[in-house]
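Novice: give me coordinates for this.
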Amino acid sequence: MAPKQPNLLFIMSDDHAAHAISAYGSRINETPHLDRIAEGGMRFDAAFCTNSICAPSRAAILTGTYNHVNEVTTLATHLDNSLWTFPKALQAAGYQTSMFGKWHLGHGDAHDPTGFDHWRVLPGQGHYHNPVFIDSEKGIVERGGYVTDLITNDCLRRLDRRDPDRPFALFCHHKAPHRTWEPDARHFTMYDDVEIPYPDTFRDTLEGRAEVVQAVKMRMLDLDPIVDLKATVPPGLTLDEEIDWRYQRYIKDYLRVVASIDDNVGRMLDYLDDNDLADDTIVVYTSDQGFFLGDHGWFDKRLMYEESLAMPLLVRYPAAVAPAQVCDDIVVNVDFGPTLLDLCGVEPADHVQGRSFAPLLRGESPDDWPESMYYRYWMHNDGAHAVPAHYGVRTRTHKLICYYNDPLDQPGARGPANPVEWELFDLVADPLEVDNIHGAPGTEAITAELMAELERLQAEVGDQPFTPAD
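Specialist: The predicted structure follows:
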């Protein structure tokens, strides 16, 4: 008799930083239900996105290809829904497939979700309270309630209606904790009487970093007090006091919406337990990228710094993954689909660029496992945040980043025109990434090594490096 195919519960949030999960040692909150996944399976400490922005990362996860291949390079590009995706492969293999929550890859006949028997998704970013959804069968659906609860309700209802004789693949995609951070009633006053700790790099001056990095608009002072912080700035504050006030307003609402995610993940895990499904279900929790939680004084993501680059990745599957395991091997978001197909006994398409990390889940580290990863952010001249286009390579010990925009093309940029800037970080000696050592004496050998690795990775994935205009 063929082995029973496992079920899949794939939970993905939006902008949930790993360092806001207590299983990752968070200093600022507790996430007991997310921790249940880590305690029952494996926590990945070196899971990275290949482009730290919502739509491109989601496209990379679904297609198993880098963004220059799937062509979702920015927020302005949408996914061609005729492309191969790993949910389509599961559906073709007999899985009951469904998706609820955030899609954010475009709408209409060419961009609506495909590969799902049923889907109900938010248009665009959607709303936290009383959101509208688009349903594959009913069209526009107006809902009363809180978005994280509603998405979970839809998922649980779908599980109730499943065919018990066929495996299911359920995709639960939360809007939270995406900006703007609007808590539900249960968590509205959470942290009211608490001062949230400040990151070690909160007052980073960015001295020595690339000029384009110094010019990004992601500081606490770039938050809109009314829209983002739901308040006016108290009068009489010094500049430092206002920055602190803004951080506390921002981070508390961020953590409040995370608390709702954690509660609802608990509901999903309880359902699996109560219906004897836990042993046969792969549970994945991840986010489309990381997020700056005051680190370097920033909010948002986009940059190749660790807090933005790193994705939380927790995987529980009792049949193949021992409990309470930690893996520090490098995995990237294009690897997710091939891995889940591997665990489900389904073959990926030949063109897929990701690689299954199922051996890592079994506690095996193949001799040829990658020791580096490639990243590229494509959004040139992003006016809202002034983040430059850049690409780079991260190894276990170092990171090399190339910013290839002219700083004078960036709103608010300072300094002379310098079309290409570089940053080099020693992640062992400088894990907080505050000391850019590019060009420093003694770094010639490591720089040459990383440059060669960057070129190798670009060739391997078929990406073209930046070429300055004549």
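
Novice: when you work out contacts or count neighbours from here on, use the C-alpha atoms and nothing else.
Specialist: Fine.

Novice: could you point out which element follows the worst-scoring helix or strand of the chain on mean pLDDT?
Specialist: Least confident element among the helices and strands of the chain, by mean pLDDT, DSSP states H and E: helix 211-214 (a mean of 93). Once the chain leaves helix 211-214, the next helix or strand it forms, by DSSP states H and E, is helix 239-274.

Novice: next secondary structure after that next one?
Specialist: strand 281-287.

Novice: tell me what that following strand is packed against?
Specialist: strand 7-13, helix 32-40, strand 313-316 (3 or more CA pairs under 8 Å, 6 or more residues apart in numbering; DSSP states H and E).

Novice: domains in the chain, by residue range?
Specialist: Here the domain assignment for the chain is 7-183+249-364, 373-461, based on automatic domain parsing.

Novice: what residue lies at the spatial centre of the chain?
Specialist: Centrality entry for the chain: nearest residue to the mean C-alpha point is Q289, 1.8 Å, by CA atoms, centre = their mean.

Novice: does it touch S57 like I think?
Specialist: Yes - counting by CA atoms under 8 Å, Q289 does reach S57; the two are 7.2 Å apart.

Novice: overlap of the contact sets of the two?
Specialist: C49 (CA atoms under 8 Å, 6 or more residues apart in numbering).

Novice: all helices for the stretch 51-200 of the chain, in order.
Specialist: Applying DSSP state H, counting those that start in this stretch to the stretch 51-200 of the chain gives helices spanning 54-63, 67-70, 86-92, 147-160.

Novice: closest one to S308 among those helices?
Specialist: helix 54-63 (11.6 Å; CA to CA).

Novice: quick one: the closest one to strand 281-287, angle?
Specialist: Taking axes from the mean of the first three to the mean of the last three CA atoms, to 10 degrees, one finds helix 54-63 and strand 281-287 inclined to each other by 150 degrees.

Novice: for the stretch 301-450 of the chain, which residues score under the pLDDT cut-off?
Specialist: Within the stretch 301-450 of the chain, the stretches with pLDDT under 70 are 380-383, 406-418.

Novice: now the strands: where do they sit in the stretch 351-470 of the chain?
Specialist: 372-377, 390-395, 398-403, 421-426 (DSSP state E, counting those that start in this stretch).

Novice: okay, these in JSON lines with distance to G41 and mean neighbour count next?
Specialist: Converted to JSON lines, the strands of the stretch 351-470 of the chain look like this (distance: least, CA to CA, whole Å; neighbours: other CA atoms under 10 Å):
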{"stretch": "strand 372-377", "distance to G41": "24", "mean neighbour count": "23"}
{"stretch": "strand 390-395", "distance to G41": "25", "mean neighbour count": "23"}
{"stretch": "strand 398-403", "distance to G41": "28", "mean neighbour count": "22"}
{"stretch": "strand 421-426", "distance to G41": "31", "mean neighbour count": "21"}
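
Novice: for D253, which of those is the nearest?
Specialist: strand 372-377 (27.4 Å).

Novice: tell me the angle the closest one makes with strand 398-403.
Specialist: Using the same axes, to 10 degrees, strand 372-377 lies at 20 degrees relative to strand 398-403.

Novice: neighbouring strands of strand 372-377 in the sheet, and parallel or not?
Specialist: On the basis of DSSP bridges, the sheet neighbours of strand 372-377 come out as strand 390-395 (antiparallel).

Novice: okay, the partner strand in CSV with CA atoms only?
Specialist: Coordinates of the C-alpha atoms in strand 390-395 are reproduced here as CSV (Å, rounded to 0.1, in the frame of the first residue of the first chain):
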residue,chain,number,x,y,z
HIS,A,390,20.3,46.8,-5.0
TYR,A,391,21.5,43.2,-5.0
GLY,A,392,23.9,41.2,-3.0
VAL,A,393,25.2,38.0,-1.6
ARG,A,394,24.9,36.6,2.0
THR,A,395,27.1,33.8,3.2
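
Novice: sorry, back to before: out of the helices of the stretch 51-200 of the chain, deepest packed?
Specialist: Ranked by mean neighbour count, these are led by helix 54-63 with a mean of 26 (mean count of other CA atoms under 10 Å).

Novice: now do it: everything it contacts.
Specialist: 14-15, 49-51, 65-67, 70, 72-75, 78-79, 83-87, 104-105, 288-289, 333-337, 352.

Novice: check stretch 437-447 too.
Specialist: So stretch 437-447 is contacted by L400, W422, E423, L424, F425, D426 (CA under 8 Å, 6+ apart).

Novice: hey, what's the third one bridged with?
Specialist: Yep, that's E423 we're talking about. Beta-bridge partners recorded for E423 (DSSP bridges): I401.

Novice: is it in contact with A210, as I believe?
Specialist: Yes - using CA under 8 Å, E423 is in contact with A210, at 6.6 Å.

Novice: ok, back up a step: highest average neighbour count across the helices and strands packed on strand 281-287?
Specialist: strand 313-316 (a mean of 26).

Novice: check what contacts that strand and list those residues.
Specialist: With CA under 8 Å, 6+ apart, strand 313-316 has contacts from 37-38, 40-45, 47, 282-287, 323.
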